[in-house]
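Asker: After the sequence you'll find the predicted model.
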Amino acid sequence: MFIRSRNGLSHKHVGSLHAPDADMAIKNARDVYTRRSEGISIWVVESEAITASSPDENEPLFAPADDKVYRHPTFYDIPDEVGHM
Amino acid sequence: MTKEMNLEERFQAYVDEENKIEPKDWMPEKYRKTLIRQISQHAHSEVVGMLPEANWITRAPSLRRKAALLAKVQDEAGHGLYLYSAAETLGADRMDMVQDLLDGKAKYSSIFNYPTPTWADIGTIGWLVDGAAIANQVMLCRTSYGPYSRAMVRICKEESFHQRQGYEIVMTLAKGTAVQKKMAQDALNRWWWPALMMFGPTDDNSPNSAQSMKWKIKRKSNDELRQEFIDKTVPQAEYLGLSIPDKDLKWNEERGHYDFGEIDWAEFYEVIKGNGKCNKQRMEARQKAHAEGEWVREAANAYAAKQAARKAKEGSAA
């Protein structure tokens, strides 16, 4: 279940539930996840349709980004006189 | 074996650094089993917890009270669902968990095996039973297993209304007529000790606690939580002008806590064994509800199948 709490924000994963089909899943999600006006839009996705990366592959997947500090603005020295950049 | 040891050591170090464990991460089999047991029992407690209160929905004294009680009971159902979902992330099957409850193989919190003969019980349950549950659940917001922790955060946000509505009911009775006040006192007399038992056996009689604390599934011991609850609740009772049924209860300046009397653990174990006042009634109500809901589940599945077939037909025609 993914819920958009208000326009301008992304849908965010809130949890899972059981339902016989997608339409019922939305109705159930309304009752389970938005009892206190937490959302204005619901996405449902069958959990089997999600392909997830494996934590075992975290090293080759994510480590290459760790030593590329030059991708961050703070890597560059700009004098204060220049002002906010 | 050595590899397993290494994994376990790495797991412990990871937990010690206050990292959360997520479903696909490696975890010791016992960590998984402990969590499945704890989360499913917690889910069952939410579900069975609806029963003592449902008893009063049709007899609530005003529309305001009735609407609040309905909302509370609906929340408990929702909490059960969040928790079953969290247990499923560990590989547990929902229907197996539900079946274990229906077959009497799974445990749920013993507190729900006590009866609710008066309206004051509904107030007292909200105040004390939800209060004790909140103390436990606030701690569990910081549990090491990510999905359990997230479910707890949602639950805690919602529970706070439960306790306040309960306290408001007791307050109304305590400030009402002599008969109403007596009813509130009688409910407090009956619920106080069972509420203290909700935190489980004393630390020296709770053999599994140490491992759960080490894995940071639990963050505080049973006795710590119980003491916290007592310290918080005594002033609330004083405000109501009600007296807590414990002659040994008194403030200990040196400890900075209330001292309290001996809990009747024989009663606790009797209720767990199935000999509480309502164990049988609760199980029968649960089994009946499940059996009577069978046609709804069947109809929902049949409707979904019909819709899917219709869609498939339209798809092939186009």
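Answerer: Done, it's in.
Asker: Would you check that B:Gln163 makes contact with B:Gln137?
Answerer: No: with contact defined as Cβ atoms under 8 Å, B:Gln163 does not reach B:Gln137; the gap is 11.1 Å. Where C-beta positions appear, they are placed from N, C-alpha and C, glycine not excepted.
Asker: so B:Gln185 sits right up against B:Leu240, yeah?
Answerer: No: here B:Gln185 does not reach B:Leu240: they are 9.2 Å apart, not a contact under Cβ under 8 Å.
Asker: and the closest residue to chain A within chain B, what is it in contact with?
Answerer: Nearest residue of chain B to chain A (Cβ to the nearest Cβ) works out as B:Ala304 at 3.6 Å. Shown in contact with B:Ala304 (Cβ atoms under 8 Å, 6 or more residues apart in numbering or on different chains): A:Pro20, A:Asp21, A:Asp23, A:Met24.
Asker: Checking my notes, it in a strand, right?
Answerer: No: counting by DSSP: H, G, I helix; E, B strand; the rest coil, one finds B:Ala304 to be helix, located in no strand.
Asker: Residues in contact with the lowest-mean-pLDDT helix or strand in chain A: which ones?
Answerer: Lowest on mean pLDDT, DSSP states H and E among the helices and strands of chain A sits helix A:58-66, with a mean of 91. Contact with helix A:58-66 is made by A:Ser53, A:Arg71, as judged by Cβ under 8 Å, 6+ apart.
Asker: and that helix, how far from the chain's centre?
Answerer: 19 Å (Cα atoms, centre = their mean, to the nearest Å).
Asker: buried set for that helix?
Answerer: Residues of helix A:58-66 include none that count as buried (16 or more other Cβ atoms under 10 Å in any protein chain shown).
Asker: likewise stretch B:65-79?
Answerer: Buried, per 16+ other Cβ under 10 Å, within stretch B:65-79: B:Arg65, B:Ala68, B:Leu69, B:Lys72, B:Val73, B:Asp75, B:Glu76, B:Gly78, B:His79.
Asker: Convert the C-alpha atoms of it to CSV, please.
Answerer: Extracted in CSV, the C-alpha atoms of stretch B:65-79 (Å, rounded to 0.1, in the frame of the first residue of the first chain):
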residue,chain,number,x,y,z
ARG,B,65,-19.4,7.2,24.0
LYS,B,66,-20.7,4.7,21.4
ALA,B,67,-19.0,6.4,18.5
ALA,B,68,-15.7,6.5,20.4
LEU,B,69,-15.9,2.9,21.5
LEU,B,70,-16.7,1.8,17.9
ALA,B,71,-13.7,3.7,16.7
LYS,B,72,-11.5,2.2,19.4
VAL,B,73,-12.6,-1.3,18.5
GLN,B,74,-12.0,-0.6,14.8
ASP,B,75,-8.5,0.6,15.7
GLU,B,76,-7.8,-2.7,17.5
ALA,B,77,-8.8,-4.6,14.4
GLY,B,78,-6.5,-2.4,12.4
HIS,B,79,-3.6,-2.9,14.8
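Asker: Chain B contacts on chain A?
Answerer: Contacts of chain A with chain B, taken as Cβ under 8 Å from any Cβ of the partner chain, map to A:15-21, A:23-24, A:31-32, A:35-36, A:52, A:54-55.
Asker: Which among those count as buried?
Answerer: A:Gly15, A:Ser16, A:Leu17, A:Ala19, A:Pro20, A:Asp21, A:Met24, A:Val32.
Asker: among those, which are in helices?
Answerer: Among those, DSSP state H puts A:Met24, A:Val32 in helices.
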